[in-house]
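In: Structure, please.
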Amino acid sequence: MITLSYFRKGLKRRECWFCDGKHVSRFTRFFQASSSPKSSVRNSEKETWIIQVSDWNFSSIHKKTRYDIRRIQEEDANKKIIKWAELSKVDKLGIVASYNDFARDKEVTLLNEERLNAAEKNVFYSCVQLESSFSYHLYLHDEKRVRLLYSWTLFDQPSSAILAGLNKLHTAIDIEYAKESNFVMFDFGGYKASRMNGIDKFKSRFGGTSVVEYNYVQLI
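Out: Model (predicted):
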């Protein structure tokens, strides 16, 4: 479980992630809790995709995804995994700017920099570079779970193999890192079986299962 307190747009935010016990904090937003109390408001079910990493290996991945990974697996990839708290301020600003440029292009929500900095001891950044193409991931974690927060790729004249396999290779590297680091779960975040778009299909092909959790606000 992780608890955070930070200011965003002039307002104080209190958050709790991955709560699996009694929920007692007032005026707090809960994310991906195992249950929700009757006194909560803005309650919604959250479907996510989770891998139990102790049972995971490369053969857990769908054969087409394994093929795409193997096509570039032997290439000279530059890999980096580092805690957010250990990055310099300049590096952090560069990563935030990179994601926000990507988000504006894709018309999705910008990165919550205040949350990342409040949780800096529970965030790590990972990057894989092949030739002049890059894949980036940011994760939130407690003692049990690694949860993907942001994922983006920047391609510069990639080969078809890199285009098809870079983010897949990166994801497999990160799951293996979670396993080696003795985490219990790798959480892709955000999944909906009834929707099953390209992103959902991508997640499901690494093995794992769908889990329902709860987002809500506790006021009393």
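
In: Can I get the biggest strand by length in the chain as CSV, trimmed to CA atoms?
Out: In the chain, assigned by DSSP state E, the strand with the most residues is strand 41-52. The C-alpha trace of strand 41-52 is given here as CSV (Å, rounded to 0.1, in the frame of the first residue of the first chain):
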residue,chain,number,x,y,z
VAL,A,41,-18.5,8.1,-3.0
ARG,A,42,-17.6,8.2,-6.7
ASN,A,43,-17.1,4.5,-6.4
SER,A,44,-16.2,2.6,-9.6
GLU,A,45,-14.9,-0.8,-10.5
LYS,A,46,-11.5,-0.9,-12.0
GLU,A,47,-10.5,-3.8,-14.2
THR,A,48,-6.8,-4.3,-14.5
TRP,A,49,-4.4,-7.0,-15.9
ILE,A,50,-2.1,-8.7,-13.5
ILE,A,51,0.7,-11.2,-13.8
GLN,A,52,1.8,-13.3,-10.8
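
In: Stretch 11-18: which residues count as buried?
Out: Neighbour counts over stretch 11-18 (16 or more other Cβ atoms under 10 Å) mark 13-18 as buried. The C-beta positions use only the backbone N, C-alpha and C, and glycine is treated the same way.

In: I'd like to know which of the residues you listed are part of strands.
Out: Per DSSP E, these map to strands at 13-17.

In: got JSON lines for those, with distance to Ile72 too?
Out: Putting these into JSON lines (distance: Cβ to Cβ, whole Å) gives the following:
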{"residue": "Arg13", "distance to Ile72": "40"}
{"residue": "Arg14", "distance to Ile72": "43"}
{"residue": "Glu15", "distance to Ile72": "37"}
{"residue": "Cys16", "distance to Ile72": "39"}
{"residue": "Trp17", "distance to Ile72": "33"}
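
In: what's the farthest-apart pair in those residues?
Out: Arg13 and Trp17 (12.3 Å; Cβ to Cβ).

In: list residues touching both of those two?
Out: Shared contacts of Arg13 and Trp17, defined by Cβ atoms under 8 Å, 6 or more residues apart in numbering, are found at Leu4.

In: This structure: helices as residue ranges?
Out: 63-73, 89-106, 113-118, 160-180, 198-204 (DSSP state H).
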